[in-house]
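A.B. asks: Generate a structure from the sequence data that follows.
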Amino acid sequence: MNNLITGLLLFFITHIIIWFQVNGQFVWPWAKANPWLMSILGLPISYVLIIATKYIVAGFDGLLWPGRLVGFGSGMIVMAVLTWGFMGEGINLKTLTSLILATGLVCVQVFWKI
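C.D. replies: Below is the predicted model:
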């Protein structure tokens, strides 16, 4: 369970950083003016995602698919929250449904034991 928690935390942290890397251009003029500098974040993000995947796969006894789905679901959750918080894009019924499905996806992978 410690591997899963560590992997989940790392996925959430990297998705938060990725959100700012990709969408910072719409929040701060500096980020819009410096896309090359923002792209440099890609190297440390990739490294942390590799480590997160290692933990998630270890937590799922060597299975790869659960980690991919947990990564996708955590990214959806981060996207919805940060886009609402920083861009003011409300969570409409379609986004809420997607968010519930993403949360359900993460929960199925973490809590449903085969």
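A.B. asks: Could you list every helix and strand that the lowest-mean-pLDDT helix or strand in the chain packs against?
C.D. replies: Here the helix or strand of the chain ranked lowest by mean pLDDT, DSSP states H and E is helix 93-111, holding a mean of 86. Here helix 93-111 touches helix 2-23, helix 65-87, going by 3 or more C-beta pairs under 8 Å, 6 or more residues apart in numbering; DSSP states H and E. For glycine as for every other residue, the C-beta is placed from the backbone atoms N, C-alpha and C.
A.B. asks: do that again at 6 Å, thanks
C.D. replies: helix 65-87 (3 or more C-beta pairs under 6 Å, 6 or more residues apart in numbering; DSSP states H and E).
A.B. asks: buried ones in the helix it packs on?
C.D. replies: With burial defined by 16 or more other C-beta atoms under 10 Å, the residues of helix 65-87 counted as buried are 66-67, 69-80, 82-83.
A.B. asks: and that helix, how far out from the chain's middle?
C.D. replies: 4 Å (C-alpha atoms, centre = their mean, to the nearest Å).
A.B. asks: Stretch 33-49 now?
C.D. replies: How far stretch 33-49 lies from its chain's middle: 15 Å, per C-alpha atoms, centre = their mean.
A.B. asks: so where's this protein shaky on pLDDT?
C.D. replies: Scanning the chain for pLDDT under 70 picks out the ranges 114.
A.B. asks: and if we set it to 50?
C.D. replies: Scanning the chain for pLDDT under 50 picks out no residues.
A.B. asks: mind listing what L82 touches?
C.D. replies: Residues in contact with L82 (C-beta atoms under 6 Å, 6 or more residues apart in numbering) are W19.
A.B. asks: again, but for the one 4 residues further on
C.D. replies: For F86, the contacting residues are V27, taking C-beta under 6 Å, 6+ apart as the criterion.
A.B. asks: run the last query once more with 8 Å
C.D. replies: By C-beta atoms under 8 Å, 6 or more residues apart in numbering, the contact set of F86 is 23, 27.
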